[in-house]
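S.K.: Predicted coordinates and the sequence they were generated for:
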Amino acid sequence: MACLVVGCNHWIGFHIVNELLANDLQVDGIEDTQGNELLSLFFGRNSSFSFVSTDVKKHYDTIIFPGKKQVLSHAETDCMIGIGSDDGSFTKKPNSLCIHPPILFGEWMPMEETGFYDQQQVVAFDSERMKTRGVYMKDFAKGLIQWMSITQLPAELIVKSIREKDQKDEKQENVIYLRDNVPVDENIKKVREHYERYKASY
């Protein structure tokens, strides 16, 4: 399976690329001019990964957009996945999936010592919002690999933490609840330790 990740050096794109490569998939990536150049170095030497430009002429099984969709005039795909805000460009096209993610956190995200930035708002690590709705990015990326193999998904998918399951404000068929592989506090500790170690590169 061949995949294209647009914004591969965005912190979310970085984790998605790593998970795709860990599952032995062929991955191409388009860099984001506002992304972290350092992140590209981590997978740039992987033989299953290649950098391409926005005018790439190739067919992909899946194209993934972690954020705003970019115009790719020549790339073709069987499935297009958008993660984040949707301007209608995903839900209006066939074979497209718009994923509304939970509050995602993980290594290399925009953050400070006490919290991180989600849609330009600071989310404190010790806040109730974080402890209820936060999902570790690596868990989300593993879920994404599974969703890519399902053919009967709706055009829109709402992803939430299993800790939110008592709230029934959406149609159940459009909601997927992710379980924590380890307690959320342990993942928060891991991310904060990573930040302290590599703060100068964030």
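M.R.: Sure thing, it's come through. Numbering: from 1, shown residues only.

S.K.: Which stretches in the chain count as strands?
M.R.: Here the chain has its strands, by DSSP state E, at 2-6, 26-30, 49-51, 59-66, 76-83, 96-100, 103-105, 115-118, 121-124, 134-136, 156-161, 175-178.

S.K.: Tell me what angle the longest helix along the chain forms with strand 156-161.
M.R.: In the chain, taking DSSP state H as the definition, the longest helix is helix 184-198. Counting by axes from the mean of the first three to the mean of the last three CA atoms, to 10 degrees, helix 184-198 lies at 90 degrees to strand 156-161.

S.K.: Does anything pack onto helix 184-198? Which helices or strands?
M.R.: If contacts are counted by 3 or more CB pairs under 8 Å, 6 or more residues apart in numbering; DSSP states H and E, helix 184-198 sits against strand 103-105, helix 128-133, strand 134-136. Any C-beta I mention is one placed from the backbone N, CA and C, and that applies to glycine too.

S.K.: at 10 Å instead, please
M.R.: With contacts defined as 3 or more CB pairs under 10 Å, 6 or more residues apart in numbering; DSSP states H and E, helix 184-198 has these neighbours: strand 103-105, strand 115-118, helix 128-133, strand 134-136, helix 137-148.

S.K.: What are the buried residues along it?
M.R.: 184, 187-188, 191-192, 194-195 (16 or more other CB atoms under 10 Å).

S.K.: Show me what that helix is in contact with.
M.R.: 38, 105-109, 111-116, 125-126, 130-139, 161, 163, 180-183, 201-202 (CB atoms under 10 Å, 6 or more residues apart in numbering).

S.K.: pLDDT on that helix, on average?
M.R.: Averaged across helix 184-198, the pLDDT comes to 96.

S.K.: now that helix: how far from the chain's centre is it?
M.R.: Computed by CA atoms, centre = their mean, to the nearest Å, the separation of helix 184-198 from the middle of its chain amounts to 18 Å.

S.K.: could you dump it to PDB, C-alpha only?
M.R.: Extracted C-alpha coordinates of helix 184-198, given in PDB (Å, rounded to 0.1, in the frame of the first residue of the first chain):
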ATOM      1  CA  VAL A 184      -3.100   9.000  30.400                       C
ATOM      2  CA  ASP A 185      -1.000  10.300  33.300                       C
ATOM      3  CA  GLU A 186       1.900   8.100  32.200                       C
ATOM      4  CA  ASN A 187       1.700   9.400  28.700                       C
ATOM      5  CA  ILE A 188       1.600  13.000  29.900                       C
ATOM      6  CA  LYS A 189       4.700  12.300  32.000                       C
ATOM      7  CA  LYS A 190       6.500  10.800  29.000                       C
ATOM      8  CA  VAL A 191       5.700  13.800  26.800                       C
ATOM      9  CA  ARG A 192       6.800  16.300  29.400                       C
ATOM     10  CA  GLU A 193      10.100  14.500  29.900                       C
ATOM     11  CA  HIS A 194      10.600  14.600  26.200                       C
ATOM     12  CA  TYR A 195       9.900  18.300  26.100                       C
ATOM     13  CA  GLU A 196      12.400  18.900  28.900                       C
ATOM     14  CA  ARG A 197      15.100  16.900  27.100                       C
ATOM     15  CA  TYR A 198      14.600  18.400  23.700                       C
END
